[in-house]
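A.B. asks: below is the sequence, then the predicted model.
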There are 4 protein chains.
Amino acid sequence: MKATGDIQCIPIGSGVSVRAEVKRAHAILEESGLKVTLHPNGTSVEGQLDEILAAVAKIHETLHAEGVVRLVSFVKVATRTDKTPSLEGKLFDTRH
Amino acid sequence: MKATGDIQCIPIGSGVSVRAEVKRAHAILEESGLKVTLHPNGTSVEGQLDEILAAVAKIHETLHAEGVVRLVSFVKVATRTDKTPSLEGKLFDTRH
Amino acid sequence: MKATGDIQCIPIGSGVSVRAEVKRAHAILEESGLKVTLHPNGTSVEGQLDEILAAVAKIHETLHAEGVVRLVSFVKVATRTDKTPSLEGKLFDTRH
Amino acid sequence: MKATGDIQCIPIGSGVSVRAEVKRAHAILEESGLKVTLHPNGTSVEGQLDEILAAVAKIHETLHAEGVVRLVSFVKVATRTDKTPSLEGKLFDTRH
């Protein structure tokens, strides 16, 4: 099932700067095969619902394997059956 | 990997009352094998990270199959490597 | 305007344990005059919309004044004109 | 206190298409004096924390006055005392 979504991953206790961890999480999304666009509070994603959710799991597994102790992710996923959901469609609807 | 989380699923365009859909989503979580607790803005969940995320996908698949046209889910998932995450632990930490 | 909501406040870079900050944030909500209920991933709130939002601002101001360097809050607020929104109503709708 | 944030406002029961309401909410943010940038799942905002929160209240008040029956907003707000928070800074940190 095609979906759009938004993923923000925040490390807790990794220091006041979370730049390295947020970059790493975004890189994992870029390598995921999903369509991704960075914005200031997360990454917009488009793809199969299960692949979006699998990417969230991969971020947690990878960052923990690389030493991050605590992580919390804020995820939005949206699906619809009346038309194919897309990031472009969502932007277009608001702009026009 | 063990995780705690929070899942709120909202149908869009199903009418002003979303009671039937929210009940259905919560029932799917209760049948999922995850530890779940209802609260006014979602369901707290505890279990394996991939099972929590699979439950989100199952809610979307099931509700769409039952006729809901549009759904958006708001999901939080939290993991940590220094101790086993639990819903009880999170509540205890805030209360004591 | 009466509203229900959910507030989760997370300190970033305050250490892996965020217990002290989360307790402090919840205490500010309890002193706010809003109706509040703790759950594992935040605090459910009920009251006037502007008072809920003012409580979010007060958490940030207070915790920063007490030395917390970085804070992010995740807030849900819901309003409706067909009936008076309440936390109890939301729970009842899902349970019955 | 300067803050960055993210606001997504969703009408419930206004039909499967929420285009009109989402456009209206975004227009209110554009008229608010805050720095705003649209993305597919919300609007990024930068400004004073209390002005960001006041804009959320204004969206609810305005849309209800215009006939929308039920609204839920998902809001993130972030503040820090070690440097001035900005949307550009958040993007830069992830990109570089």
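C.D. replies: Nice, I can see it.
A.B. asks: please count neighbours and contacts with C-alpha atoms only from this point.
C.D. replies: Noted.
A.B. asks: tell me how many other residues crowd the residue nearest to residue A:19 when sequence neighbours are not counted.
C.D. replies: Computed as Cα to Cα, 6 or more residues apart in numbering or on different chains, the closest residue to residue A:19 that is not its neighbour in sequence is residue D:93, at 5.5 Å. Using other Cα atoms under 10 Å in any protein chain shown, residue D:93 has 15 neighbouring residues.
A.B. asks: what does chain A put close to chain D?
C.D. replies: By Cα under 8 Å from any Cα of the partner chain, the residues of chain A that approach chain D are A:5-6, A:19-20, A:22-23, A:26, A:38-41, A:44, A:87-88, A:90-91, A:93-95.
A.B. asks: those, buried ones only, as a PyMOL selection?
C.D. replies: Selection of the buried residues among the residues of chain A next to chain D in PyMOL, burial being defined by 16 or more other Cα atoms under 10 Å in any protein chain shown:
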select buried, chain A and resi 5+6+19+22+23+26+38+39+40+41+44+87+90+91+94
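A.B. asks: in which helix or strand would I find residue A:45?
C.D. replies: strand A:42-48 (DSSP states H and E).
A.B. asks: try residue A:3
C.D. replies: Element membership of residue A:3, judged by DSSP H and E, is strand A:2-11.
A.B. asks: name the residues that touch that strand?
C.D. replies: Strand A:2-11 is contacted from outside by A:18, A:21-22, A:25, A:41-49, A:52, A:56, A:68-80, A:84-87, C:12, D:41, using Cα atoms under 8 Å, 6 or more residues apart in numbering or on different chains.
A.B. asks: so in that sheet, which strands flank that strand, and in what orientation?
C.D. replies: The strands beside strand A:2-11 in its sheet (DSSP bridges) come out as strand A:42-48 (antiparallel), strand A:70-80 (antiparallel).
A.B. asks: ok, residue A:29 - contacts?
C.D. replies: A:36, A:55, A:59.
A.B. asks: I'd say the second one and residue A:32 touch.
C.D. replies: When you say that, I think you mean residue A:55. Yes - using Cα atoms under 8 Å, residue A:55 is in contact with residue A:32, at 6.6 Å.
A.B. asks: neighbour count winner among those two?
C.D. replies: When residue A:55 and residue A:32 are compared on other Cα under 10 Å, the one with more neighbours turns out to be residue A:55, at 21 against 16.
A.B. asks: can you tell me the SS state at the more buried one?
C.D. replies: For residue A:55, the assignment made with DSSP: H, G, I helix; E, B strand; the rest coil gives helix.
A.B. asks: could you do residue A:67 as well?
C.D. replies: Three-state call for residue A:67 (three-state DSSP): coil.
A.B. asks: residues near it, how many?
C.D. replies: There are 10 residues near residue A:67, going by other Cα under 10 Å.
A.B. asks: next: residue A:59.
C.D. replies: Number of residues near residue A:59 (other Cα under 10 Å) recorded here: 22.
A.B. asks: again, but for the one 5 residues further on
C.D. replies: A total of 17 residues lie near residue A:64 under the criterion other Cα under 10 Å.
A.B. asks: filter the residues of chain A next to chain D down to the ones in helices?
C.D. replies: Under the assignment DSSP state H, the residues of chain A next to chain D contribute A:19-20, A:22-23, A:26, A:87-88, A:90-91, A:93-95 to helices.
A.B. asks: distance to residue B:63 for those residues - can I get that in TSV?
C.D. replies: Listed next are those as TSV, based on distance: Cα to Cα, whole Å:
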residue	distance to residue B:63
A:19	38
A:20	38
A:22	33
A:23	35
A:26	30
A:87	22
A:88	25
A:90	22
A:91	25
A:93	24
A:94	26
A:95	30
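A.B. asks: picking that back up, doesn't residue A:24 make contact with the residue nearest to residue A:19?
C.D. replies: No - the criterion here is Cα under 8 Å, and residue D:93 misses it with residue A:24 at 11.3 Å.
A.B. asks: any weak-confidence spans in chain A?
C.D. replies: Counting by pLDDT under 70, chain A contains no low-confidence range.
A.B. asks: give me every residue that touches residue A:18.
C.D. replies: A:10-11.
A.B. asks: from residue A:48, how far off is it?
C.D. replies: 28 Å (Cα to Cα, to the nearest Å).
A.B. asks: what do you get for residue A:28?
C.D. replies: Per Cα to Cα, residue A:28 is found 16 Å from residue A:48.
A.B. asks: could you do residue A:23 as well?
C.D. replies: For residue A:23, the distance to residue A:48 (Cα to Cα) stands at 23 Å.
A.B. asks: ok, what's across the strand from the nearest residue to residue A:7 once chain neighbours are set aside?
C.D. replies: Leaving aside its sequence neighbours, residue A:7 sits nearest to residue A:75 (Cα to Cα, 6+ apart; 4.6 Å). Bridge pairing for residue A:75 (DSSP bridges) gives the partners residue A:7, residue B:75.
A.B. asks: what distance do you get for residue A:75 to residue B:96?
C.D. replies: On the measure of Cα to Cα, residue A:75 and residue B:96 end up 29 Å apart.
A.B. asks: of those two, give the one with the bigger neighbour count.
C.D. replies: Shown here are residue A:75 and residue B:96; by other Cα under 10 Å, residue A:75 has more neighbours (22 against 8).
A.B. asks: residues contacting that one?
C.D. replies: So residue A:75 contacts A:5-8, B:73-76 (Cα under 8 Å, 6+ apart).
A.B. asks: rerun that using 6 Å as the cut-off
C.D. replies: With contacts defined as Cα atoms under 6 Å, 6 or more residues apart in numbering or on different chains, residue A:75 is in contact with A:6-7, B:74-75.
A.B. asks: what does residue A:76 give?
C.D. replies: Counting by Cα under 6 Å, 6+ apart, residue A:76 touches A:5-6, B:73-74.
A.B. asks: swap in 7 Å and give it another go.
C.D. replies: Residues counted as contacts of residue A:76 (Cα atoms under 7 Å, 6 or more residues apart in numbering or on different chains) are A:5-7, B:72-75.
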